[in-house]
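J.: Fold the stuff below for me.
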Amino acid sequence: MKILALFLTIFFASCSSVSITERKQLIILGDDVIYPQAFKAYKDFKSKAKLIEDGEDLENINKVTEKLKLAIKKYYQSINAKDPTSNFAWDVILVDDEDTKNAWCMPGGKIAVYKGILKIANNESALAALMGHEIAHAVARHGSERASQGVLFDIGTMALEQIIIGRPLTGDTRKLYNYFATFGVMLPFSRNHESEADYLGLIFMHFAGYDLSEAYMMWERMDKSNSRNRTPEFLSTHPSSKTRINNIKKWIPEVKEKYSSY
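T.: Numbering: from 1, shown residues only. This is a model prediction of the structure:
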């Protein structure tokens, strides 16, 4: 019963909402816990990665990032609401890796862009779509939510073993449980985060006055470049490119109607 009481206490005390989408989320581990871990991981990564520290590509990335940051700030000022990026310690790096088509933004605004993805995000609006998507993960606190989900999953597993079945899960039962957790919970949860970041990123690039059509055109280029290495959506942490493209095309009129540029 103590585990169940702990579970319920954590659940009800940790509910919050994502800014703009208003999706309910569970945040057990706050910024005071997540940020120091993220900043240390980012510092360690920077110390080991080969970085590009000047040049036109880095200048363009910094330019787009600054426009997005300012537009997000102005939006929250315009609605008299707390800016979720106000406690970010922004930093942006360009990784000298032509083969990796990736970018990420850690909790607290620590951003890395890999040289290889600039072939896909090959103009300013496409770069804004990419950066807006990654910043959206941090704004929506997806990293904190995933870490909190892990804690909650561990507590739930303990409750199942100790209260419901009265013994540890082993053998095939453990395998089945892990299979359900991965394909029934974790992967769909991750795909929902990616879709939410696509939506918020589209809004952020609209705030900054960029061409929204470049968001889906970027994913069309990404899909073409990955045509030999497609993973079925249900096995992936990300929605398929087709799903993303269709969603973004559907969202563009809505975003233009609901939001202004800043």
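
J.: Need the phi and psi values for the residue lying closest to residue 18 once chain neighbours are set aside.
T.: Counting by CB to CB, 6 or more residues apart in numbering, residue 18 lies nearest to residue 140, which is 4.7 Å off, once chain neighbours are set aside. Where you see a C-beta, it was placed from the backbone N, CA and C, and this is true even at glycine. With angles defined as degrees, to the nearest 10, residue 140 sits at phi -80, psi 0.

J.: give me every residue that touches residue 140.
T.: If you count contacts by CB atoms under 8 Å, 6 or more residues apart in numbering, residue 140 has them with 18-19, 21, 25, 193, 196-197, 200.

J.: for these, which one is nearest residue 68?
T.: Comparing the contacts of residue 140 against residue 68 with CB to CB places residue 200 closest, at 11.2 Å.

J.: per-residue confidence at the residue nearest to the closest one when sequence neighbours are not counted?
T.: Distances taken as CB to CB, 6+ apart place residue 136 nearest to residue 200, at 3.6 Å, with adjacent residues excluded. Looking at residue 136, its pLDDT reads 98.

J.: where does residue 136 land in three-state SS?
T.: Recorded secondary structure, residue 136: helix (DSSP: H, G, I helix; E, B strand; the rest coil).

J.: Looks like it contacts residue 193 (just checking).
T.: No - assessed by CB atoms under 8 Å, residue 136 is found out of contact with residue 193, at 9.4 Å.

J.: okay, the two: which has more neighbours?
T.: Legend: neighbour count by other CB atoms under 10 Å for residue 136 and residue 193, higher for residue 136 (29 against 22).

J.: how close does that one sit to residue 72?
T.: Using CB to CB, to the nearest Å, residue 136 is found at 10 Å from residue 72.

J.: rewinding a little: residue 83: which of the contacts of residue 140 is nearest?
T.: Comparing the contacts of residue 140 against residue 83 with CB to CB places residue 19 closest, at 9.0 Å.

J.: can you tell me the helix or strand for the residue nearest to that closest one when sequence neighbours are not counted?
T.: Counting by CB to CB, 6+ apart, residue 84 is the residue found nearest to residue 19 once chain neighbours are left out, at 5.2 Å. Under the criterion DSSP states H and E, no helix or strand holds residue 84.

J.: List the residues that contact residue 84.
T.: With contact set as CB under 8 Å, 6+ apart, residue 84 has these partners: 19, 76, 139, 141.

J.: The third one against residue 68, yeah?
T.: Yep, that's residue 139 we're talking about. No - look at residue 139 against residue 68 with CB under 8 Å: they stay out of range, at 10.4 Å.

J.: residues shared between the contacts of these two?
T.: The contact sets of residue 139 and residue 68 overlap at residue 204 (CB under 8 Å, 6+ apart).

J.: which residue sits closest to residue 52, ignoring its sequence neighbours?
T.: residue 94 (4.3 Å).

J.: Next, show the common contact partners of residue 136 and residue 72.
T.: Taking CB under 8 Å, 6+ apart as the contact rule, residue 136 and residue 72 both touch residue 204.

J.: of all the contacts of residue 84, which comes closest to residue 34?
T.: Out of those, the member with the shortest distance to residue 34 (by CB to CB) is residue 141, at 8.1 Å.

J.: Setting aside sequence neighbours, what's the nearest residue to the closest one?
T.: Nearest to residue 141 is residue 27, by CB to CB, 6+ apart, at 6.2 Å.

J.: Next, find the distance separating the nearest residue to residue 85 once chain neighbours are set aside from residue 83.
T.: Of all residues not flanking residue 85 in the chain, residue 72 sits nearest, at 5.8 Å (CB to CB, 6+ apart). Distance of residue 72 to residue 83, computed by CB to CB: 7 Å.

J.: Noted, bye for now.
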